[in-house]
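*Asks:* Here's a sequence, model it:
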Amino acid sequence: MDHINRKWVKCPIQSVGGSSSQNAFGVISYNILADCHVTPEDFPYCPAGSRFMKDRHKQLMIELQFDLESVDIICLQEVGETYFVQQLQPALLNLGFSGSFFKKQHGTAEGEATFYRNRRFSLTEERHVPCTQLIKEALLREKVNPDDVEQLLTYADKDNVIIMSKLYDSVTKKTLYVGNVHSTFSDYKFIDITTLQVVAAFNGLVEFAGDVDKPLIFCGDFNQEPHLPGYKVMHDGDLCEESVRYLMKFPIRTDNSAKRKPKYLIEEARDCFKHRCRPLKSSYKEVMGSEPPFTNYEDMYGTMLPDSKGDQPIEEIQKNSAGVYESDPEKYGTQLFRATLDYLWFNSGQLDCFRALDIVDESVVQKFHACPNQVFPSDHIMLKASYCFI
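*Replies:* You can find the predicted model right below:
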């Protein structure tokens, strides 16, 4: 049960409310790995009886129910529509949570789901938006050359969505705005698009809330590690020159782009890669002092199984990391993948994050080679943190 009995870590900075206050509420963010992303060839180390949601559901619910009284909002990514309707929604409704589901719009058989505890919160407004729509709004808002907008949208059109929820808190009589997002991964081939999706989604949440000085939670699977531009722009509000140069590795690729001089998303839409919420902080970094060493731990193609020929020495895999792993995007799929991709961001001008659930020790995962398996129901690790209104 080591994966369940994770410990709470308190923020070293004294919070205004604190865990004993009725002001406190808890949030989970978890990519639960939809069945549509599990083919017979994927995750060859995962036992047959632990591969699909009908079998993984029990383990998922065990995780979600750990210290359930501390949880008020649950944001899930990669939720299959059938699984939501037939198993997940009824199970969480039985535990006192209402929720909604938004399926991806281009045919991917999964989407996002956001749940809230009925006795604490009520939903007063919700917006379900494709990330491409938010990018279009950003391009128009920043007055990008109209002749370029269509080409940029054609290039940036990926099947990703966000759920924005306006929740009224019956205890504090305050309103909380929650964004649940899953940006594109595409084996790290479109880091420029991933970065723009993240910023556009957050700016969309700010617009939904009415301004930056509102209690905001922005969470999900960002598919960006702390050393990549998508994290840096969320952390700093803008891109440093190093990040800009990094994004210049990604020329815009469309049917007609080969005939023209290369264009780059970061050049054509530079002002869209910014946000105005300077107090935005990562919950885990605020509490722990750094991001988790990993929130995703998988070997999708079995490259590091004993009979495989992966290029990463097995001794390296068996070492515990003293800090945050840093992967090489160009090597994805050739070695075991350990990366920090998931975050719980919050507006520290309106909210305190006073504790976070520690990440399971790597040695516990290594017993099963990687995730998912008969104990861990997803290739991602659940994040959970507690907050209070200031």
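*Asks:* If you count contacts, what does the host helix or strand of residue 164 end up packed against?
*Replies:* Using DSSP states H and E, residue 164 maps to strand 161-169. Identification of packing neighbours for strand 161-169 by 3 or more CB pairs under 8 Å, 6 or more residues apart in numbering; DSSP states H and E yields strand 97-103, strand 111-117, strand 121-130, helix 131-141, strand 175-182, helix 191-209. (Each C-beta comes from the backbone N, C-alpha and C, glycine too.)
*Asks:* The ones you listed: which one's closest to residue 154?
*Replies:* Of all those, the one in closest proximity to residue 154, counting by CB to CB, is helix 131-141 (9.8 Å).
*Asks:* Please report the distance of residue 332 from residue 372.
*Replies:* In this view, residue 332 and residue 372 are 18 Å apart by CB to CB, to the nearest Å.
*Asks:* Between the two, which has more neighbouring residues?
*Replies:* The residue with more neighbours, out of residue 332 and residue 372, is residue 372; 25 against 16, by other CB atoms under 10 Å.
*Asks:* That one belongs to a strand, doesn't it?
*Replies:* No - counting by DSSP: H, G, I helix; E, B strand; the rest coil, residue 372 falls outside a strand, being coil.
*Asks:* my guess is it meets residue 378, correct?
*Replies:* Yes - Residue 372 is within contact range of residue 378, at 5.5 Å (criterion: CB atoms under 8 Å).
*Asks:* Give me the common contacts of the two.
*Replies:* Common neighbours of residue 372 and residue 378, counting by CB atoms under 8 Å, 6 or more residues apart in numbering, are 33, 56.
*Asks:* and the spatially most central residue of the chain, what does it touch?
*Replies:* In the chain, the centroid-proximal residue (CA atoms, centre = their mean) is residue 221; its distance is 1.7 Å. When contacts are counted by CB under 8 Å, 6+ apart, residue 221 touches 29, 31, 77-78, 181-183, 341-342, 380.
*Asks:* now swap in residue 325 and tell me
*Replies:* Counted by CB under 8 Å, 6+ apart, residue 325 has contacts 225, 293-294, 338-340.
*Asks:* one more time with 10 Å, if that's ok
*Replies:* 225-227, 291-297, 337-340, 362 (CB atoms under 10 Å, 6 or more residues apart in numbering).
*Asks:* Now it. Nearest residue, chain neighbours left out?
*Replies:* Leaving out its chain neighbours, the residue that sits closest to residue 325 by CB to CB, 6 or more residues apart in numbering is residue 338, at 4.6 Å.
*Asks:* residues near that neighbour, how many?
*Replies:* For residue 338, the count of nearby residues is 21 (other CB under 10 Å).
*Asks:* ok but it is inside a strand, no?
*Replies:* Yes - under three-state DSSP, residue 338 falls within a strand.
*Asks:* Could you verify my assumption that it touches residue 295?
*Replies:* Yes - with contact defined as CB atoms under 10 Å, residue 338 counts as touching residue 295 (9.3 Å).
*Asks:* ok, back up a step: among the contacts of residue 221, which lie within strands?
*Replies:* Using DSSP state E, the subset of these located in strands is 29, 31, 77-78, 181-182, 342.
*Asks:* hey, where'd the helices end up in this protein?
*Replies:* With helices called from DSSP state H, the chain shows them at 53-64, 81-83, 89-94, 131-141, 146-156, 191-209, 229-236, 241-247, 265-268, 283-288, 314-317, 362-366.
*Asks:* Can you mark which positions in the strand holding residue 164 are buried?
*Replies:* For strand 161-169, the neighbour count (16 or more other CB atoms under 10 Å) marks 161-169 as buried.
*Asks:* How far does that strand sit from its chain's centre?
*Replies:* Distance of strand 161-169 from the chain centroid (CA atoms, centre = their mean, to the nearest Å) equals 15 Å.
*Asks:* So in that sheet, which strands flank it, and in what orientation?
*Replies:* strand 121-130 (antiparallel), strand 175-182 (antiparallel) (DSSP bridges).
*Asks:* That one - what's its average pLDDT?
*Replies:* The pLDDT scores in strand 161-169 average 98.
*Asks:* same check, this time on stretch 72-86
*Replies:* Stretch 72-86 carries an average pLDDT of 98.
*Asks:* Now that stretch: buried residues?
*Replies:* Across stretch 72-86, burial judged by 16+ other CB under 10 Å covers 72-81, 83-84.
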